[in-house]
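In: Quick one, fold the following:
(chains A and B)
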Amino acid sequence: MIAEIGLAALWLSAALAVLQLVGGFFGARDENNELRALVRPAAVLQAVLCVISFLCLVWVFVITDLSVKLVASHSHSMKPLAFKISGAWANHEGSMLLWITVMAAAGGLIALIERRLPERTMMATLASQAFVAIGFYAFILLASNPFERLSPVPTDGNGLNPLLQDMGVSFHPPTLYIGYVGLSVAFSFALGALMTRNVTPDFARVMRPWVLAAWIFLTIGITAGSYWAYYELGWGGWWFWDPVENASLMPWLAATALLHSASVLAARDALRTWTIMLGVVAFSMSMVGTFLVRSGILTSVHAFAVDPERGSFILALLALYIGGALVVFALRANTIAEGQRFSITSREGALVVNNVALSAILGIVLLGTLYPLLTEAFDVRVSVGPPYFNPVSAIFLVPMLMVLAVGPLLRWRKDSLSRVKWPVVVSGAVTLAVLVAVALLAEIDILPLIGLALAAGVGIASFMPLRGRRLRRTPLAIWGMCIAHFGVAVALFGMAADSAFQQERLVAANVGDTIEIGPWEATLQSISPVAGPNWTAMQADMYYSYEGGDLMEGHPQARSFWAPPGETSEVALITRWNGQLYAAVGNMAEDGRWQLRLWWKPFVTWIWYGGLLIALGGALALVGRVVSDLRRREAEAQGEARAYPDEAEYADYDDESSVPAAETQS
Amino acid sequence: MTSALKPKHQRLVLVIVALVALIGAGVLAAYALRNQASYFYVPADIAANPPEPGQDIRLGGMVEMGSINTADDGVTVHFVVGDGEARVPVTYAGIVPDLFVEGSGVVAEGAMNADGTFVASNLLAKHDENYMPRELEGMTMEEARETVAETYE
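Out: Have a look, this model is predicted:
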């Protein structure tokens, strides 16, 4: 019964999406059309129904209703409750339901609270949101029904892939999807603005918080996913340039570029066409990612639940939406008037460099990800990995980081480099000093070397924009920018330090042996069998001591699951502020020794702290923007004389922050 | 310097700079892909057309029966990957995947060394059944070779 309610709710949502599309279409053409009144309620109701449908799916997983095919093939009665719940979306059908639920919720939210845009633009936006959603409803209802029943009912389910039985799956896919699919809002706003010829700074101000929110979730999702892969796969790696990872990185790159270009549009009314293009590209990358992940067309270490037949369905949707959006773009781009001009040495100029570099990296990642597909057409099988991605993207990352250090110091429109000479000299000197010092003291590869030096330089430069400001009166958005940029430096430092200084030991140890690795001593005390709810394991009881200090415990396990059968390696992590010791236990050799694999990874945790700082910076900026917007509206409501400030005044208000206060009048 | 340019020209300069950068990225990527992509080989390919020592490749085939041999250090394994036509000796130091057993398929990442041994840095068999499909089990060498060749890019 619950499953049928879920399915019915999903069909109803699809019907409401059609209504929303039709109403939105007429509403966008004619502001007085009465169908318009249906659009917002349809979007909100659709979100509610989708959430109900999703909760129904979670419920059948919680009670392990084995008459539902999806439960029978992906769950098991003995699985712990947390993994029964997360099991609902750790499979193809469930994750597509999560996808459409996020999409409907995003559409419902903008319908509910966004009132700042002209009504026609809003109608066009909601219509395109519905148009995209319809395709994915069709995909779920016709090709991936999560509520399909099974007869006869099996005695128990097949269980969940053991690698997915981890708290990571409770957290990582939902955050990633909120970010990924939340970008659909940027896509719809961009199309709405294009179709109603309303590409203005106001539009950018309206779009920006939504993009920012999606981007924050995407950042957290990628960070969490990276950490999860790091400890769950037992390889000690945190990024594999795997197609599934690239699928989440590409929308992030596009969304990061979009955030920065939307700032230019909001504050300075420039980069109009480009911002619209990025709005389209960002969500297109989300759809490309879904295609890559869900079609099974590329083999991946993270791939789960793949089915090539569904690939063609998603490919058709991709072609329809990306192609359609590009056609609208091509037809309407020439109606966008040229924006304000600016000098190359200006804040805008720096942001253009940022956008070009991000786009170039996006293109490099996209090419590298699709290249195996291209060569396969010629019957040549290749895989593309770090030897391609690392150096080629670094070529664009390095200048981008340099501009990141300088750009925020520049003024809008026109500035001279000599005005920001001192902060640039200081950051440059720090970079060079670290470069020389590290190169002399340690023998490390060129990329980690540059990474360490730039991390130091960018880390210092990221707080330079606060120079000369009264800190307590500095807008939150500026703090957000500084913290996010500092997060980039922190993450970069972690990546570079880990790849430069990590140490690895692989040994076969007897019980009682002590293994030295870097500053650590690890002792294998005993090996014993342990049992969990649906697994048994061999557990190594080990004690670790850092530079002869206090003993710390850590228990790596080699787990065997029985439903479905599978093995995982549960690693032991000993975390210090300056890095992590990573221990995995392997098989027993014939002579009774146990294989142990240990890594000392200096500063590796800084990678994820950096990711979280980036997200925190985004969150501060979001709060700052929303609060100042609410205040402005309050002020407008009180002082009717200033009902609608003129364009220039508006821009000043929004970006009073952009020029250090002390120098505004110089 | 740029102030000497007319505004219209500034915009043009920006567009050209952006285009040059993006085209540069494309050319660079295409060039790097040709050199850095690691190609998939089965043992017969290696016999017919040996890759350069040190070049990153992936080797796929069947682990020959009776060929797995653990060295005295307890962590280095030697085994032979065959496809019915040719055989390649492989060395791997590390914890072998649980699905890595004699007579089943394996895909190894690594490079050939000068004396014709494949030094694997990674064995792909553990993390997803898609890397080591059950279809390979119980097949003849010939069928398995075909499946391996079809399955891994």
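
In: rest of the way, CA atoms for contacts and neighbours
Out: Noted.

In: Residue of the stretch 401-550 of chain A closest to chain B, please.
Out: Nearest to chain B in the stretch 401-550 of chain A, going by C-alpha to the nearest C-alpha, is residue A:508, at a distance of 5.0 Å.

In: which SSE is that residue in?
Out: strand A:503-509 (DSSP states H and E).

In: other SSEs contacting the helix or strand that comes right after that strand?
Out: For strand A:503-509, the following helix or strand on the C-terminal side (DSSP H and E) is strand A:514-517. Contacts defined by 3 or more C-alpha pairs under 8 Å, 6 or more residues apart in numbering or on different chains; DSSP states H and E place strand A:514-517 against strand A:503-509, strand A:520-531, strand A:594-602.

In: where in the chain is pLDDT low?
Out: Defaulting to chain A. Within chain A, the ranges that satisfy pLDDT under 70 run A:296-309, A:639-666.

In: look at chain B instead
Out: Low-confidence segments of chain B (pLDDT under 70): B:1-10, B:98-99, B:125-153.

In: where do the strands sit along it?
Out: B:38-41, B:57-63, B:69-70, B:76-82, B:87-93, B:105-112, B:118-124 (DSSP state E).

In: Which element, helix or strand, includes the closest residue to residue A:177 other than its chain neighbours?
Out: Nearest residue to residue A:177 in three dimensions, chain neighbours excluded: residue A:99, at 6.3 Å (C-alpha to C-alpha, 6 or more residues apart in numbering or on different chains). According to DSSP H and E, residue A:99 maps onto helix A:92-113.

In: What is that helix packed up against?
Out: Contact here means 3+ C-alpha pairs under 8 Å, 6+ apart; on that basis helix A:92-113 packs against helix A:36-62, helix A:119-138, helix A:167-182, helix A:184-195.

In: Can you redo those as TSV, where the extra columns are mean neighbour count?
Out: Formatted as TSV, the helices and strands packed on helix A:92-113 follow (neighbours: other C-alpha atoms under 10 Å in any protein chain shown):
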stretch	mean neighbour count
helix A:36-62	22
helix A:119-138	25
helix A:167-182	23
helix A:184-195	27
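
In: Present the ones you listed as a markdown table; the columns should include distance to residue A:406.
Out: Listed next are the helices and strands packed on helix A:92-113 as a markdown table, based on distance: least, C-alpha to C-alpha, whole Å:
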| stretch | distance to residue A:406 |
| --- | --- |
| helix A:36-62 | 43 |
| helix A:119-138 | 36 |
| helix A:167-182 | 29 |
| helix A:184-195 | 28 |
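
In: closest one to residue A:222 among these?
Out: helix A:167-182 (6.6 Å; C-alpha to C-alpha).

In: Quick check, central residue of chain A?
Out: residue A:218 (2.4 Å; C-alpha atoms, centre = their mean).

In: So that one versus chain B, what's the distance?
Out: For residue A:218, the distance to chain B equals 25 Å [C-alpha to the nearest C-alpha, to the nearest Å].

In: wait, that residue sits on residue A:174?
Out: No - using C-alpha atoms under 8 Å as the test, residue A:218 is too far from residue A:174 to be in contact (9.8 Å).

In: re earlier: adjacent strands (with direction) for the strand holding residue A:508?
Out: strand A:594-602 (antiparallel) (DSSP bridges).

In: next structured bit after the partner strand?
Out: helix A:605-638.

In: from the chain's centre, how far out does that next one sit?
Out: Per C-alpha atoms, centre = their mean, to the nearest Å, the displacement of helix A:605-638 from the mean C-alpha position of its chain is 17 Å.

In: Can you tell me which helices and strands that helix packs against?
Out: Using 3+ C-alpha pairs under 8 Å, 6+ apart: helix A:605-638 touches helix A:201-232, helix A:476-501.

In: and if we set it to 10 Å?
Out: The contact analysis (3 or more C-alpha pairs under 10 Å, 6 or more residues apart in numbering or on different chains; DSSP states H and E) places helix A:605-638 against helix A:201-232, helix A:476-501, strand A:579-588, helix A:647-654.

In: Name the strands paired with the third one and say parallel or antiparallel.
Out: What that stands for is strand A:579-588. When DSSP bridges is applied, strand A:579-588 pairs with strand A:572-576 (antiparallel), strand A:594-602 (antiparallel).

In: Show me which positions of it end up buried.
Out: Within strand A:579-588, the residues that count as buried by 16 or more other C-alpha atoms under 10 Å in any protein chain shown are A:579-588.

In: domain ranges for the chain?
Out: Answering for chain A, as no chain was given. A:1-165, A:418-501+A:606-630, A:503-603 (automatic domain parsing).

In: Not quite, go with chain B.
Out: Split by automatic domain parsing, chain B gives B:1-36, B:39-126.

In: so which of those is the most packed in?
Out: domain B:39-126 (a mean of 19; mean count of other C-alpha atoms under 10 Å in any protein chain shown).

In: Run the chain-centre distance for that domain.
Out: For domain B:39-126, the separation from the chain centroid amounts to 11 Å (computed by C-alpha atoms, centre = their mean).

In: surely residue A:131 meets residue A:192?
Out: No - contact criterion C-alpha atoms under 10 Å: residue A:131 and residue A:192 do not qualify, at 11.8 Å.

In: any common contacting residues for the two?
Out: Contact with both residue A:131 and residue A:192 is made by residues residue A:125, according to C-alpha atoms under 10 Å, 6 or more residues apart in numbering or on different chains.
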